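Visitor: Sequence first, predicted coordinates after that:
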Amino acid sequence: MDYKYILSTDKEETRKLGKSWLFLGIFSVLLSGLFSLLLVISRTPAIQSHIPFIDFFHTALVVHVDLSVLIWFTSFASIFWTLICRDVNRLDWFALYLSITGTLLIIITPFIMDGHPLMNNYIPILQTPLFYLGLSLYTTGLSLRIVRTLLAPIAMNGTTPSGALATGVWLSALTAFIAILFFIYTMTQLPSDLAPVAWFEILFWGSGHILQFTHMLLVFIVWVILLQQIKQTLLLTPAILFTLLILSFIPVLYSTVIYLQHDVISGEFHQQFTQLMKYGSLTTLPLGLLIFINLLRTEPAKGHLFPLKLSLWCSAALFASGGILGFMIEGVNVVIPAHYHGSIVGITLAFMGFSFYLFPLFGYPLKNTALKLAKIQPAVYATGQFMHISGLAWSGGYGVQRKTAGAEQGLDSLPEIAGMALMGTGGLIAVIGGILFLVITYLTIKHKD
């Protein structure tokens, strides 16, 4: 049977709200790209010594990570969470406005006060009241969006394509809600005498790991919808998709066991979530393999379908690379950012490709120059990121430490220098790929029908 895996965008108010979340996500990518350019330059041999504001590295890194991971990913997730709601009301718009305000406060904080950056994992922090306010407003808006989705979804089932997709989207919202609940719980359990960096590290450790499953569920939804666009008949029934999405969600439930069995400041708590991320993600393999088999069955794509297929291939390759590198981590070195950059960029490419699908649905068809650029942008971005993570993984094998810049990296040997040079070159190419995405967005919006 020929199933149609699409999410409805028939309601005008729903389209408007979904489009607004998309533009917030793209805006965050634009600003994160500006910060990432400074990051790449500050770690590239022969260039880093000529950067006058190298001490700004950690502040820029904090804002870059928060914009490119937290805000970009959750804003994009909010598009899906909006589309599976039965209706849109003022609460939905209020959630968006809170998140927009919070994003703007996060962006301007480094330019009006000393950030005192903390390089904790998942959501690094600038220790200023304005940053805390911005992060709180964004999180409050996001939480309201999630609750609205959980309480008012369209029909979820394993008998129709839309029902199976809605189930996966709803589970991603439930996962994010669980992450927020455990974030609040952790805050109540932390002793006040911990050093700030340790306090925030523990605060975000469990909920940050849980949130990764939100992104994984959504990236599979994106891949299935993009596959539907480039291949009319898929070897994937709604019942199978429904079952495999639930299987992918099961590791999230184990997080409750971790919280019940271990103190949040214990080493066992830390290690259990590391293992959950490493081995729990294996539950996604059946769905990932099924998608890959369907991708192999697709025929050459042309016209507006070519960017969708190219994004899908590049996304899957980088996501898989990041997963493989996760099993190669030994010690605290730059193999760690190689791992998460692979996975994160794999998701980012999926969302970029899905943007090419969403633009026409939101009234912005890709034409002329925008379409031509969209046919090369995923490859440029992916090539740069493959070079970036390869250089990091190579240098990590020689012990180059993460979250350092300039002379602190201790690049003493030719292999270390070569690896980081490859990282820097790849990073600059990836920045070009990111800029191309923004140019495509601008041209598409400019030439709206």
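Guide: Arrived safely, thanks for sending. Residues are numbered from 1 along each chain as shown.
Visitor: Please look at Tyr3 and Gln232 and confirm they touch.
Guide: No. The criterion here is C-beta atoms under 8 Å, and Tyr3 misses it with Gln232 at 9.7 Å. For every residue, glycine as well, the C-beta is placed using N, CA and C.
Visitor: neighbour count winner among these two?
Guide: Shown here are Tyr3 and Gln232; by other C-beta atoms under 10 Å, Tyr3 has more neighbours (18 against 11).
Visitor: if I look at the closest residue in space to that one that isn't next to it in sequence, how far off is Leu217?
Guide: Closest residue to Tyr3 apart from its sequence neighbours, by C-beta to C-beta, 6 or more residues apart in numbering: Pro161 at 4.6 Å. Distance from Pro161 to Leu217, counting by C-beta to C-beta, to the nearest Å: 16 Å.
Visitor: Which one's more surrounded, the two?
Guide: Taking other C-beta under 10 Å, Pro161 and Leu217 do not tie; Leu217 has more neighbours (27 against 22).
Visitor: helix or strand for the more buried one, which one?
Guide: Leu217 is part of helix 196-230, with elements assigned from DSSP states H and E.
Visitor: buried stuff in that helix?
Guide: 199-230 (16 or more other C-beta atoms under 10 Å).
Visitor: can you check stretch 370-379 too?
Guide: Of the residues in stretch 370-379, those with enough neighbours to count as buried (16+ other C-beta under 10 Å) are 370-371, 373-375, 377-378.
Visitor: after the helix holding Leu217 comes which helix or strand?
Guide: Downstream of helix 196-230, the first helix or strand assigned by DSSP H and E is helix 238-261.
Visitor: Quick one: mean pLDDT for that next one?
Guide: Averaging pLDDT along helix 238-261 gives 96.
Visitor: Spit out the contact partners of the spatially most central residue of the chain.
Guide: Taking C-alpha atoms, centre = their mean, the centroid of the chain lies closest to Phe73, which sits 4.1 Å from it. Listed by C-beta atoms under 8 Å, 6 or more residues apart in numbering, the contact partners of Phe73 are 215, 347, 351.
Visitor: show me where this protein has strands.
Guide: Chain-ordered strands for the chain, with DSSP state E as the definition, fall at 117-118, 125-126.
Visitor: Can you tell me which of those has the worst average pLDDT?
Guide: For those, the weakest mean pLDDT is recorded on strand 117-118, namely a mean of 90.
Visitor: starting at the chain centroid, how far to it?
Guide: 21 Å (C-alpha atoms, centre = their mean, to the nearest Å).
Visitor: Stretch 423-432 now?
Guide: 19 Å.
Visitor: and if you look at stretch 8-28?
Guide: 18 Å.
Visitor: Excluding its own residues, what touches it? List them.
Guide: For stretch 8-28, contacts defined as C-beta under 8 Å, 6+ apart pick out 67-68, 71-72, 75-76, 78-79, 82-83, 85, 87-88, 92-93, 96, 99-100, 103, 154, 162, 351, 355, 358, 361-363, 438, 441.
Visitor: ditto for stretch 308-321
Guide: In contact with stretch 308-321 (C-beta under 8 Å, 6+ apart) are residues 219, 222-223, 226-227, 229-230, 288, 291-292, 295, 298, 301, 342-343, 345-347, 349-350, 352-354, 356-357, 375, 378-379, 381-382, 385-386, 389.
Visitor: so which of the strands of the chain comes closest to Glu268?
Guide: Nearest to Glu268, of all the strands of the chain, is strand 117-118, at 23.8 Å by C-beta to C-beta.
Visitor: Could you spell out the sheet neighbours of the closest one, each with its direction?
Guide: strand 125-126 (antiparallel) (DSSP bridges).
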